[in-house]
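Engineer: Build me a model:
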Amino acid sequence: MTLSISPGYHVNANPATFSYLIPTAVDPGKAEGVIAGKPIYPVAQKKKFQFADEPLAVYEGEVQIRLPLRVDANAGKGSRSLLADVRVQACDSEKCYAPDTLKTMIVVDVK
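Structural biologist: Got it, this is the predicted structure:
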């Protein structure tokens, strides 16, 4: 799955630099016959911002988060819709905004 982060903004990486920061997190739902594994987050960029004393681990631009999927052996063929929540906290160069949960859908085609 791809996160597209607008220019001038970033989201906290997973894991986040500090425990009080909200990390980007994918929480996959369920789809019949499809089992989602643990998300694999990309390596973070370390950037210094005026609101923090030390560099923070962040994602900017286009970010790929891999979500391993497994299909049950007895699952029928056809498309499935796997809903997923993506928790993010967006920030600009001066401040962070309230965390939000984005809803997305991944279409899985079982052949």
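Engineer: And the contacts of stretch 45-55?
Structural biologist: Stretch 45-55 is contacted from outside by 10, 13, 17, 56-60, 91, 93-96, using C-beta atoms under 8 Å, 6 or more residues apart in numbering. For every residue, glycine as well, the C-beta is placed using N, CA and C.
Engineer: Between those, identify the one with the most neighbours.
Structural biologist: residue 10 (25 neighbours; other C-beta atoms under 10 Å).
Engineer: beta partners for that one?
Structural biologist: Counting by DSSP bridges, residue 10 forms beta bridges with residue 91.
Engineer: Let me see the contact set for it.
Structural biologist: Residue 10 touches 47, 58, 59, 60, 90, 91, 92, counting by C-beta under 8 Å, 6+ apart.
Engineer: So which of those residues is the closest to residue 6?
Structural biologist: Residue 6 has its nearest neighbour among the contacts of residue 10 in residue 90, at 8.3 Å by C-beta to C-beta.
Engineer: so the closest one touches residue 9, yeah?
Structural biologist: Yes. Using C-beta atoms under 8 Å, residue 90 is in contact with residue 9, at 5.2 Å.
Engineer: Mutual contacts of those two, please.
Structural biologist: Residues touching both residue 90 and residue 9 by C-beta under 8 Å, 6+ apart: none at all.
Engineer: the strands in this protein, which residues?
Structural biologist: 2-4, 10-12, 25-28, 34-36, 45-47, 56-59, 62-64, 69-71, 78-88, 90-91, 100-110 (DSSP state E).
Engineer: Now render the ones you listed as JSON lines, adding mean pLDDT.
Structural biologist: Listed next are the strands of the chain as JSON lines, based on pLDDT from 0 to 100:
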{"stretch": "strand 2-4", "mean pLDDT": "92"}
{"stretch": "strand 10-12", "mean pLDDT": "94"}
{"stretch": "strand 25-28", "mean pLDDT": "95"}
{"stretch": "strand 34-36", "mean pLDDT": "88"}
{"stretch": "strand 45-47", "mean pLDDT": "91"}
{"stretch": "strand 56-59", "mean pLDDT": "93"}
{"stretch": "strand 62-64", "mean pLDDT": "96"}
{"stretch": "strand 69-71", "mean pLDDT": "88"}
{"stretch": "strand 78-88", "mean pLDDT": "91"}
{"stretch": "strand 90-91", "mean pLDDT": "90"}
{"stretch": "strand 100-110", "mean pLDDT": "90"}
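Engineer: Many thanks, I have nothing further to ask.
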